[in-house]
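>>> structural data only, the sequence is not supplied:
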C-alpha cells in the first residue's frame, strides 16, 4: 500500500490541482511552472501546481523549491527514488486538494494552453476530458513505433483504447481516486482512465517538440508499451494457445503422413526426416514463445502479490521549505 498523504488541512477553495511528473528536467522545470501558472491564471479559478519530482539526480528539486518561494500555489512532491511516470502521477493525485485534476507531462510537449480548451469542454457536462494528439513532431521511427502500439492496443485490448492519447487530461477528483485505488503495480494511466469509464470527452491538439532535456529512450518506450499491452490484453495468451493447437495438428499430420509412407514398399526416409526436423524447430519456437508470454503474465502477478508500494513520497516542499514525511504520511521528526 502506498504511503498515505500528509495530514494537511483540506483546502476546499482549490478547484484545480495541476499534476506534472518530472525527472531530471532542470532545463525545463521553471518554464513548466511559468507556463502552467499562466494558463491557470487565465482560467480564473483557484488552483494549485503539484510538481512531482520522480527522484531526479540533477538540480530539478533544488530549482523547484527555490521557485516555490515566489509561487505560493506551487507544491513540490519528491519521491524517494525514480519510480516512473505513472507512479509519480498517482503520488500527485494522492496529495491533490482540488475538486478537479489536471494531469500533464512535465516536458512541455503537451502545451499548457490546451488546458483552457479542456476546461471549456468539461463544462459541457463531461467527467473526463483527455487530449488526443493530432501531430507528433518526432522522428519517423519513434512515430512508427507509437502508431504500431496504438493500433495493437486499439484492436487487441479489452477496452476501446483511445488512439494517440497519453496522460494529458482533466478529470473529476473521484475519477483520479479510482486511478490510485487499482492494486496493480504497473499502472497505465490512460488505459485505466478509459477502463474507469464515466462520461469522457476529447480535445485534439498538436504535440510540440521537446524544447530541452532528453526524450525517453527506445528501451523505456518499449517497456512502457509492453506494460500497457499485457495489462489490457489477453491476445498474447490466445496467440500462443492457437499456436500450440496448430503445432498439435501439424504433429498429427506428420504422423499420418509417415504411416502412409511406411505402408509403402519403399518409404522415402529423407522426406520423413525433413518433416520431423521442421516439426522439432516449430515446436521449439512455439514453446519458447509460450514460456515467454507466460513469464510476462506470471511476473506481473508476482509483483502484485508482493504488495509493495508503487511509490514512496519522501518530502513535500512549499514556500521554500521542505517537509520530510514518515511512512504514515505525517511530518517526520527527523
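Sure, I can see it. Every value quoted in this text rests on a predicted model; they were computed, and no experiment measured them.
>>> what sits against residue 289?
240, 243 (Cβ atoms under 8 Å, 6 or more residues apart in numbering). All C-beta spots, glycine's among them, are computed from the backbone N, C-alpha and C.
>>> and the host helix or strand of it, average pLDDT?
Assigned by DSSP states H and E, residue 289 belongs to helix 269-306. In this model, helix 269-306 carries a mean pLDDT of 75.
>>> buried ones in it?
275, 279, 286, 290, 293, 296, 300 (16 or more other Cβ atoms under 10 Å).
>>> now swap in stretch 123-135 and tell me
Here stretch 123-135 shows 126, 127, 128, 129, 130, 131, 133 as buried, counting by 16+ other Cβ under 10 Å.
>>> now for the residues you listed, which pair is the farthest apart?
127 and 133 (21.5 Å; Cβ to Cβ).
>>> if we can go back for a sec, closest to residue 76 among the buried residues of helix 269-306?
For the buried residues of helix 269-306, the nearest to residue 76 is residue 300 (31.7 Å; Cβ to Cβ).
>>> now do the contacts for the closest one.
184, 185, 186, 230, 231.
>>> hmm, back to that, among the buried residues of stretch 123-135, show me the least confident.
In terms of pLDDT, residue 133 ranks lowest among the buried residues of stretch 123-135, with 82.
>>> how much space separates that residue from residue 163?
According to Cβ to Cβ, to the nearest Å, residue 133 stands 9 Å off from residue 163.
>>> likewise residue 82?
In terms of Cβ to Cβ, residue 82 sits 29 Å off from residue 163.
>>> what of residue 298?
With distances taken as Cβ to Cβ, residue 298 is found 30 Å from residue 163.
>>> next: residue 172.
Separation of residue 172 from residue 163 (Cβ to Cβ): 24 Å.
>>> these two - which one has more neighbours?
residue 172 (17 against 12; other Cβ atoms under 10 Å).
>>> and that one, bridged to which residues?
residue 100 (DSSP bridges).
>>> measure the residue lying closest to residue 156 once chain neighbours are set aside to residue 290 for me?
With sequence-adjacent residues excluded and distances taken as Cβ to Cβ, 6 or more residues apart in numbering, residue 156 is closest to residue 235, at 4.0 Å. According to Cβ to Cβ, residue 235 stands 14 Å off from residue 290.
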